[in-house]
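Colleague: Need a 3D model of the following:
(one chain, ligands or ions: 1)
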Amino acid sequence: MEEKYFIKTYGCQMNVYDSHRMAMMLEDMGYQKAQNQSEADLVLFNTCHIREKAAEKLFSDLGRALIIKNERAERGLKTIIGVAGCVVQAEDEQILKRAPYVDFAFGPLTYHRLPEILKQIKNKKESGVVDTDFPPESKFDFLPENKAEGGCSFLAIQEGCNNFCTYCVVPYTRGVEYSRPVEDVIKEAKKLIATGTLEINLLGQNVNSYHGEDQNGKERNLAYLLNKMAELDGLKRLRYTTSYPADVDDDLIKCHHDIGILMPYLHLPVQSGSNKILKAMNRRHTRETYIEVVQKLKAANPKLEMSSDFIVGFPGETDEDFEETMDLVNKIQYIQAFSFKYSKRPGTPAATMENQVPEKIKKERLDILQTRLFELQDKFNQKCVGQVFDVLFEQNGRHKGQLIGRTPYMQNVHAVASSDMMGKIKQVKILSATTNSLTGKVI
Ligand code: SF4
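Modeller: So this is what the prediction gives:
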């Protein structure tokens, strides 16, 4: 009987991409996807360390996995439990100390070793394997060819970060910046397009610091890569995420004017509107340079709309600093955003800063910020009513005969549509809007 795997993914799009690549490795080894944990012979948790209590959440999920493992054992079935991702890199051997029933754990840079690790465990040569190397080889050179899961695919082009924002663990868990060679990216993109992808989202922790080599060993920037991608037959939509404001250069801005398939929506995390807080965060932009970049981008493509990330209650944030964030939100008029209360990450400089903001104040500020961000999101969505958008259908809706797709602005659109429209782009007239989604009619 074929063995089955179950992967639970936490966190960012990079983790979603990594899980997809791990699933493909497992399928190459003959595993099939399980519908739930109890039918899985291999359970893998791909973890994220960016939010508070990430490790606690993992251990509570592992506790549940142990119960299922024991139930399966009573039925004579063996279960291998593995943990992947940034929590492993941060917690290292602690995982196996606290959860000794975990069979293996590896960080985000070594998951290409998954088949080898599984072989060792199955041959009983090893148990409790922990691999948190920063390996000299690139995992991308060892992964099987990527293929599309639907009309929209992620493609990792860059990993790691050299910025060391004082609140962030990424430089410690994903290591220093690494960019994949241009040809590797183009090859993977062609494969994705050949297997049904219409939209590619180029991924990286700091994607616009991309500096991959071309065939002649010359370093190329993201603008060069975007132009190469735009030449690919069959690709209809192009995006890139996540960008660092100080690394948006003129070449990249020009792409937003020149490349028709580059979507008019950009996620550009600002984090705070106060220069004092930005400095304490070790961000290399100020509110003024950020606003200038947004103005240039919008001049390059007047249809461009922005989204962002915010942290409220960073150590030392006063009411005045917070007001500056609110002022920036009103100036930029974001159409979507992610916002969080600051929470300490062990090992990061901000965790030991004085002037930590009390929880109550953080919560009040987050409420005020989110209320305004939702108002702006709703305002934009309402403005879309009556307009026609190209919508890429990606999943089934809750109701029979309904599909859910995305506009160029990443809004979810619900529409009555036949199943053969899945994975295709159709023109949809927007009939109504809420803060979170649109409803439309295929025309
Ligand atoms: S830019 Fe800052 S927030 Fe983003 S991954 Fe790098 S260190 Fe973390």
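
Colleague: Can you say which helix or strand has the residue of the stretch 201-350 of the chain found nearest the ligand in it?
Modeller: The minimum distance from the stretch 201-350 of the chain to the ligand, using Cβ to the nearest ligand atom, falls at residue 205 (4.3 Å). Using the backbone N, CA and C atoms, a C-beta is placed for each residue, glycine as well. Under the criterion DSSP states H and E, no helix or strand holds residue 205.

Colleague: Do you know the pLDDT at the nearest residue in space to it that is not next to it in sequence?
Modeller: Excluding the flanking residues, the one nearest residue 205 by Cβ to Cβ, 6 or more residues apart in numbering is residue 161, at 4.5 Å. Per-residue pLDDT puts residue 161 at 92.

Colleague: Where does pLDDT dip in this structure?
Modeller: 1, 51-52, 125-137 (pLDDT under 70).

Colleague: go with 90
Modeller: Residue ranges of the chain with pLDDT under 90: 1-2, 10-16, 47-59, 85-99, 104-150, 159-160, 169-176, 344-347, 398-400.

Colleague: Contact residues of it facing the ligand?
Modeller: 161, 163-165, 168, 170-171, 205-206, 244 (Cβ under 6 Å from any ligand atom).

Colleague: before we move on, the earlier item: the residue of the stretch 201-350 of the chain closest to the ligand contacts residue 158, doesn't it?
Modeller: Yes: Residue 205 is within contact range of residue 158, at 7.0 Å (criterion: Cβ atoms under 8 Å).

Colleague: Now the common contact residues for these two.
Modeller: Common contact partners of residue 205 and residue 158 (Cβ atoms under 8 Å, 6 or more residues apart in numbering): residue 177.

Colleague: before we move on, which element is the residue in the stretch 1-150 of the chain that the ligand sits nearest to in?
Modeller: Ranked by Cβ to the nearest ligand atom, the top residue of the stretch 1-150 of the chain for proximity to the ligand is residue 50, at 8.3 Å. Counting by DSSP H and E, there is no helix or strand that carries residue 50.

Colleague: Number of residues surrounding it?
Modeller: Applying other Cβ atoms under 10 Å, we find 19 residues neighbouring residue 50.

Colleague: any idea how far it lies from residue 340?
Modeller: For residue 50, the distance to residue 340 (Cβ to Cβ, to the nearest Å) stands at 9 Å.

Colleague: And for residue 113?
Modeller: Taken as Cβ to Cβ, the span from residue 113 to residue 340 is 33 Å.

Colleague: So for residue 71, what's the nearest residue that isn't a sequence neighbour?
Modeller: residue 38 (7.0 Å).

Colleague: Assign the one you found to helix, strand or coil.
Modeller: Here residue 38 is helix, with the state taken from DSSP: H, G, I helix; E, B strand; the rest coil.

Colleague: Next: residue 440.
Modeller: Strictly by three-state DSSP, residue 440 counts as strand.

Colleague: How many neighbouring residues does it have?
Modeller: Residues lying near residue 440 (other Cβ under 10 Å) number 26.

Colleague: which residues touch it?
Modeller: With Cβ under 8 Å, 6+ apart, residue 440 has these contacts: 389, 391, 413-415, 428-431.

Colleague: Now with 10 Å, please.
Modeller: Shown in contact with residue 440 (Cβ atoms under 10 Å, 6 or more residues apart in numbering): 384-385, 387-389, 391, 405, 407, 413-417, 426-433.

Colleague: Now, these that are in strands?
Modeller: 388-389, 391, 405, 413-416, 426-433 (DSSP state E).

Colleague: Just confirm the residue nearest to residue 71 contacts residue 77, I think it does.
Modeller: Yes: between residue 38 and residue 77 there is a contact under Cβ atoms under 10 Å: 9.3 Å.

Colleague: Which neighbours do those two have in common?
Modeller: 69, 71.

Colleague: With neighbour numbers in mind, choose between the two.
Modeller: Counted by other Cβ under 10 Å, residue 38 and residue 77 do not tie: residue 38 has more neighbours, with 16 against 13.

Colleague: before we move on, back to that, give me the three-state assignment for the residue nearest to residue 205.
Modeller: Classification of residue 161 using three-state DSSP returns coil.

Colleague: Can you pull the phi/psi pair for it?
Modeller: For residue 161, the backbone dihedrals (degrees, to the nearest 10) come out as phi -160, psi 140.

Colleague: if I pick it, what's in contact with it?
Modeller: Residue 161 makes contact with 168, 170-177, 204-206, 209, 242, 244, according to Cβ under 10 Å, 6+ apart.

Colleague: Ok, residue 346 next?
Modeller: When contacts are counted by Cβ under 10 Å, 6+ apart, residue 346 touches 49, 55, 90-91, 169, 352.

Colleague: cool, and residue 327?
Modeller: Per Cβ under 10 Å, 6+ apart, neighbours of residue 327: 273-274, 287.

Colleague: let's see it at 8 Å
Modeller: Counting by Cβ under 8 Å, 6+ apart, residue 327 has contacts residue 273.

Colleague: Next secondary structure after the host helix or strand of it?
Modeller: Assigning secondary structure by DSSP H and E places residue 327 in helix 319-332. Heading C-terminal from helix 319-332, the first helix or strand you meet, by DSSP H and E, is strand 336-341.

Colleague: That following strand: which residues count as buried?
Modeller: Along strand 336-341, these residues count as buried under the neighbour rule (16 or more other Cβ atoms under 10 Å): 336-337, 339-341.

Colleague: Over to stretch 309-318?
Modeller: Quick answer for stretch 309-318 (16+ other Cβ under 10 Å): 310-317.

Colleague: How is this protein partitioned into domains?
Modeller: 4-131, 139-381, 388-442 (automatic domain parsing).
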